[in-house]
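**Student:** Model the following, please.
(one chain, ligands or ions: 1)
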Amino acid sequence: MSGLRARIIGTGSYLPERRLGNVELAKMVDTSDEWIKSRTGISERRIAAEGELTSDLATKAGQKALEKAGLAPKDLDLIIVATTTPDLIFPATASIVQKKLGADGPKNIPAFDIQAVCTGFIYALTVAEKFLASGSCKHALVVGAETFSRIVDWEDRGTCILFGDGAGAVVLSAEQGDAGIISTHIHADGNYVDLLRASGGPSSGAPDGQDPRLPGLGAAQMRGNEVYKRAVVGLGQIVDETLEANNLQKSDIDWLVPHQANLRIIKSTAKRLSMGMDQVVVTVDRHGNTSAASVPLALDEAVRDGRIQPGHMVLMEAFGGGFTWGSALVRW
Ligand code: COA
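**Tutor:** Here you go, the predicted model:
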């Protein structure tokens, strides 16, 4: 054991300027502000501008995290981008971000993407932590970035009300001491692929009804009610697993930074932890579900406004397509 911990030394985030509120959305599909708010807690979401790509959002969030960390792009040893909406089929969005950030250069640092849908950031953090704790890297940038609006079916009221675009990032540093990532826990169950997916792709071909010569872009499809039930169970289990693995009590957790899919799901996880909502970071009302970006967006907000302070115990968790789910416990 190296005794090194992966400490988060800077956070950053970026949201596209355009806000899409529920009232405007209700002019596009048969829904209402009241229905969306009461079922999901969402009031508005951000939509990337035409030509604004996932890599652009990721780069801006990464720049802000680097500024906070007091590091230059050339100080990085590793870039991981978690995304379900990459700029291109290949190469990885992380390669594009490396160039846009100015982290290209003599070291030719590794840069790769991770695809675990809404759990992507937790998966990416898990991988980065291994590089840092083993001493292979000193500084890593981990980004969750999405332009989910590009794969939403804007005629499906069951899904289009939920998603938004954005990016969040953290800079990690391998350091001695108590502060940093204490443990990560990740899981997947491939039996549920069909409950939450975007069909179409280079291997399986075009989604139904599209030109079969083109891979095409599949829209996100979800059996919302079934996903909801599984999410509540999966997140309950991951919270218990994390506490047990670290021999902690519920009362040891200062902050819950959950994936922002639905306020009702967030509340049920908080209840499981016997936490008041004043200890839970909520952004879903203003961001909607930004998939892999949602946890680092919420984290950045709570770090910047001073809620999360050195010494605090922070529990991040997420659940998403795959199904995938996971958690990261961090001493700030
Ligand atoms: N506006 C108005 N009515 C809507 C609607 C909308 N935007 N979307 C669905 N409805 C209707 C349905 O058609 C259905 O009508 P019916 O009873 O006449 O058939 C009714 O509302 C109930 O639908 P249901 O899907 O059971 O609603 P719900 O309470 O489960 O809420 C979600 C739907 C999507 C908000 C909820 O299931 C959810 O949040 N699921 C999990 C989402 C999630 O976490 N996804 C990502 C994981 S990362």
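**Student:** so where's the stretch 1-150 of the chain uncertain?
**Tutor:** Within the stretch 1-150 of the chain, the stretches with pLDDT under 70 are 1-2.
**Student:** any idea how far residue 30 is from residue 235?
**Tutor:** Per Cβ to Cβ, to the nearest Å, residue 235 is found 30 Å from residue 30. Where C-beta positions appear, they are placed from N, C-alpha and C, glycine not excepted.
**Student:** which of these two has more neighbours?
**Tutor:** Just comparing residue 235 and residue 30: by other Cβ atoms under 10 Å the higher neighbour count belongs to residue 235, 24 against 8.
**Student:** Report pLDDT for the more buried one.
**Tutor:** Listed pLDDT for residue 235 reads 96.
**Student:** Can you show me the helices along this structure?
**Tutor:** Secondary structure of the chain (DSSP state H): helices at 22-25, 33-40, 54-69, 93-101, 120-133, 224-245, 263-272, 284-287, 294-304.
**Student:** ok, stretch 238-250 near the ligand or not?
**Tutor:** No - interface with the ligand: stretch 238-250 contributes nothing (Cβ under 6 Å from any ligand atom), its closest point being 13.4 Å away.
**Student:** Backbone torsions only: list them for residue 91.
**Tutor:** phi -70, psi 180 (degrees, to the nearest 10).
**Student:** Up against the ligand, what does the stretch 101-250 of the chain have?
**Tutor:** Residues of the stretch 101-250 of the chain lying near the ligand (Cβ under 6 Å from any ligand atom): 118, 157, 158, 161, 222, 224, 225, 227, 228, 231.
**Student:** As TSV, those residues with neighbour count would be great.
**Tutor:** As requested, those are exported to TSV (neighbours: other Cβ atoms under 10 Å):
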residue	neighbour count
118	31
157	16
158	14
161	23
222	18
224	15
225	10
227	20
228	17
231	24
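**Student:** nearest to residue 145, of those?
**Tutor:** residue 118 (12.9 Å; Cβ to Cβ).
**Student:** Apart from its chain neighbours, what residue comes closest to that closest one?
**Tutor:** Excluding the flanking residues, the one nearest residue 118 by Cβ to Cβ, 6 or more residues apart in numbering is residue 320, at 2.7 Å.
**Student:** On the pLDDT front, check that neighbour for me.
**Tutor:** On the pLDDT scale, residue 320 gets 98.
**Student:** That one contacts residue 121, correct?
**Tutor:** No - contact criterion Cβ atoms under 8 Å: residue 320 and residue 121 do not qualify, at 10.0 Å.
**Student:** Name the residue in those two with the higher neighbour count.
**Tutor:** Taking neighbours as other Cβ under 10 Å, residue 320 and residue 121 compare with residue 121 leading, 35 against 28.
**Student:** can the residues of the stretch 101-250 of the chain next to the ligand go into CSV with extra columns for distance to residue 19?
**Tutor:** Below are these laid out as CSV (distance: Cβ to Cβ, whole Å):
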residue, distance to residue 19
118, 21
157, 19
158, 22
161, 14
222, 23
224, 23
225, 28
227, 26
228, 26
231, 26
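**Student:** got a list of what the residue most central in space within the chain touches?
**Tutor:** Geometric centre of the chain, nearest residue: residue 292, 2.5 Å, by Cα atoms, centre = their mean. Listed by Cβ atoms under 8 Å, 6 or more residues apart in numbering, the contact partners of residue 292 are 82-84, 116-121, 124, 144-146.
**Student:** Poorly predicted segments of the stretch 201-332 of the chain, please.
**Tutor:** 211-216.
**Student:** Make sure residue 255 is actually in contact with residue 309.
**Tutor:** No - contact criterion Cβ under 8 Å: residue 255 and residue 309 do not qualify, at 9.4 Å.
**Student:** which of these two has more neighbours?
**Tutor:** Ranked by neighbour count (other Cβ under 10 Å), residue 255 and residue 309 place residue 255 first, with 22 against 11.
**Student:** how many neighbours does the residue lying closest to that one once chain neighbours are set aside have?
**Tutor:** Spatial nearest neighbour of residue 255, chain neighbours left out: residue 314 (4.7 Å); criterion: Cβ to Cβ, 6+ apart. Residues lying near residue 314 (other Cβ under 10 Å) number 23.
**Student:** Residue 332 is in contact with residue 314, correct?
**Tutor:** Yes - the criterion here is Cβ under 8 Å, and residue 314 meets it with residue 332 at 5.7 Å.
**Student:** any common contacting residues for the two?
**Tutor:** residue 308.
**Student:** For the residue of the stretch 101-250 of the chain found nearest the ligand, which non-adjacent residue is closest in space?
**Tutor:** Using Cβ to the nearest ligand atom, residue 224 is the residue of the stretch 101-250 of the chain that sits closest to the ligand, at 3.0 Å. In space, and not counting its chain neighbours, residue 224 is closest to residue 158: 5.6 Å by Cβ to Cβ, 6+ apart.
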